[in-house]
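Undergrad: Predicted model and sequence below, questions to follow.
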Amino acid sequence: MHNLAIALHHKGYTITGSDDTIHEPSKSRLAAKGLLPEKWGWFSEKITENLDAIILGMHAKKDNPELVKAQKLGLKIYSYPEFLYEQSKDKTRVVIGGSHGKTTITSMILHVMNYHNINVDYMVGAQLKGFDTMVHLTKENEFIVLEGDEYLSSPIDRRPKFHLYKPHIALLSGIAWDHINVFPTFDFYTEQFKIFIDSILRGGMLVYFSGDSLLKEMVEKSENSIKKYTYNSMSHIIENGVTYLLSDEGKIPLQIFGKHNLQNLSGAQWVCQLMGVDKNKFLEAISSFSGAGKRLEKLAENKNSVLFKDFAHSPSKVQATVKAVKSQYPDRKLIACLELHTYSSLNAEFLKDYRQTLDSADEAVVFFSPHAVSIKGLDEITERQIKEAFKKEGLFVFTKPEDFQKHLSKKEFSNTALLLMSSGDYGGLDLNELALRFR
């Protein structure tokens, strides 16, 4: 939301906002633009008839006093994705969807466009090098590239976000059941992707990962009048810890790695081609792509050890990330640490889906907070349940941050790859202090 506020401020709009708390870096970035609220909280008197529109964030409550006042006055209320669509009605909309990889693929496309000085509007879920904000809106740019999240739009608009964009060009990276608090059954979850495919404008184009049999069948059965293009992983080799693409021009070194990222790269290439950037120009640009924020982010490295942080939390993402790091550094000991932090990952019934996801690691650690389980209103889970679910020999399980941090402090990281996977912070783990041990 703060990125959208800054983007609209740059566009010349008058922007105000409210929240009960604002954390860094959002707080400083809003303050620098003069957009930081004077007080935390909700103030119904801020909502008046002279406002052109309200943009409602997903985490506001239905009884929010400002929302109630806006409804009473009959003001136009947009959800975040609904407003983005409104801003892009006259543009060619490119939407990147899928249960995994959408942030990375969107970031790759934007990196290539930026490299070749092709101006596009965008919304992406991670901070990118060379980009001031995660949202950019103009009147003049022809294309807008949108990360198509399947999560809900707002408290009063329960449609998945990517249903609202009506793309001309779309990509689907695959389907792996996620957000079980919102989509309680697999069939209900997959139905959202069918609806998305049908929302692509007639005559539009869909690029999809052919290695996902469910997705492949779904696309082939779709009766929507669109062009369909498949992609898979790109040819590559790994030499001395570096992944090289194999092309007609020879070996192209990459700063990213992993089978899933090679698949992401292939999908991004297709989309860029449909946007007018040919293969050679794509390959020229992609070699300097270092990844999206928090996606296999290298925090520190020395001659024989490396530290990565990754946003992975769902079973398919965890397994892909662990395999990627082990494939890239086969001769190093891989210590994979996973924090169970989301509603889905802390659900006792969903835990079984993590079976063997950490098997590629030489040593595996799972951390979770019983307090987080309680706050989410979930059934208690135990260390025994975790070990039974993961089926990983020698698995360490910690429920207290100090115990997890003590475990890491005793480690000797020589000839090691340490991988931290979480959408949380391991109860306050100091990553900067940890990174010093890898320098």
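TA: Received it, and whenever you're ready, just let me know what you need.

Undergrad: tell me which helix or strand of the chain sits lowest on mean pLDDT?
TA: Least confident helix or strand of the chain, by mean pLDDT, DSSP states H and E, is helix 370-375 with a mean of 86.

Undergrad: So which bits of that one are buried?
TA: Using 16 or more other C-beta atoms under 10 Å as the test for burial, helix 370-375 gives 372-373. Quick note: C-beta positions are derived from backbone N, CA and C, even for glycine.

Undergrad: after that helix comes which helix or strand?
TA: With elements assigned by DSSP states H and E, the helix or strand that comes after helix 370-375 is helix 383-390.

Undergrad: Would you indicate which residues of that following helix are buried?
TA: 386-387, 389-390.

Undergrad: same check, this time on stretch 88-95
TA: Neighbour-count burial for stretch 88-95 flags 88, 91-95 (criterion: 16+ other C-beta under 10 Å).

Undergrad: coming back round to it: okay, the least confident helix or strand of the chain in CSV with CA atoms only?
TA: Below are the C-alpha coordinates for helix 370-375, written out as CSV (Å, rounded to 0.1, in the frame of the first residue of the first chain):
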residue,chain,number,x,y,z
PRO,A,370,3.6,-22.0,19.7
HIS,A,371,2.4,-18.5,20.4
ALA,A,372,2.0,-17.9,16.7
VAL,A,373,-0.1,-21.1,16.5
SER,A,374,-2.3,-19.8,19.4
ILE,A,375,-2.7,-16.4,17.9
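
Undergrad: residues in contact with that helix?
TA: If you take C-beta atoms under 8 Å, 6 or more residues apart in numbering as the criterion, helix 370-375 is touched by 341, 346, 379-381, 399.

Undergrad: excluding its backbone neighbours, what's nearest the residue nearest the centre of the chain?
TA: By C-alpha atoms, centre = their mean, the chain has its centre lying nearest to residue 103, at 4.4 Å. Closest residue to residue 103 apart from its sequence neighbours, by C-beta to C-beta, 6 or more residues apart in numbering: residue 125 at 4.5 Å.

Undergrad: wait, the one you found sits on residue 148?
TA: No - in this structure residue 125 lies outside contact range of residue 148 using C-beta atoms under 8 Å: 10.2 Å.

Undergrad: domains of this structure?
TA: The record's domain parsing of the chain by automatic domain parsing lists 2-75, 82-286, 297-438.

Undergrad: Mind checking the pLDDT average for the shortest one?
TA: Pointing back at domain 2-75 there. Summarised as a single mean, pLDDT over domain 2-75 is 95.

Undergrad: likewise the second one?
TA: Per-residue pLDDT values over domain 82-286 give a mean of 95.

Undergrad: if I've got this straight, residue 75 is in a helix?
TA: No - counting by DSSP: H, G, I helix; E, B strand; the rest coil, residue 75 is not part of a helix but coil.

Undergrad: count of residues packed around it?
TA: Neighbourhood size, residue 75 [other C-beta atoms under 10 Å]: 17.

Undergrad: Residue 401 now?
TA: 16.

Undergrad: Then residue 295?
TA: For residue 295, using other C-beta under 10 Å, the count is 24.

Undergrad: mind checking the SS state of it?
TA: coil.

Undergrad: Now name the helix or strand holding the residue nearest to the centre of the chain.
TA: helix 102-115.

Undergrad: Residue 146 too?
TA: strand 143-147.

Undergrad: What of residue 348?
TA: Going by DSSP H and E, residue 348 is not in any helix or strand.

Undergrad: Hmm, it is touching residue 384, no?
TA: No - taking contacts as C-beta under 8 Å, residue 348 lies outside contact range of residue 384: 11.6 Å.

Undergrad: Please consider this matter closed, and thank you.
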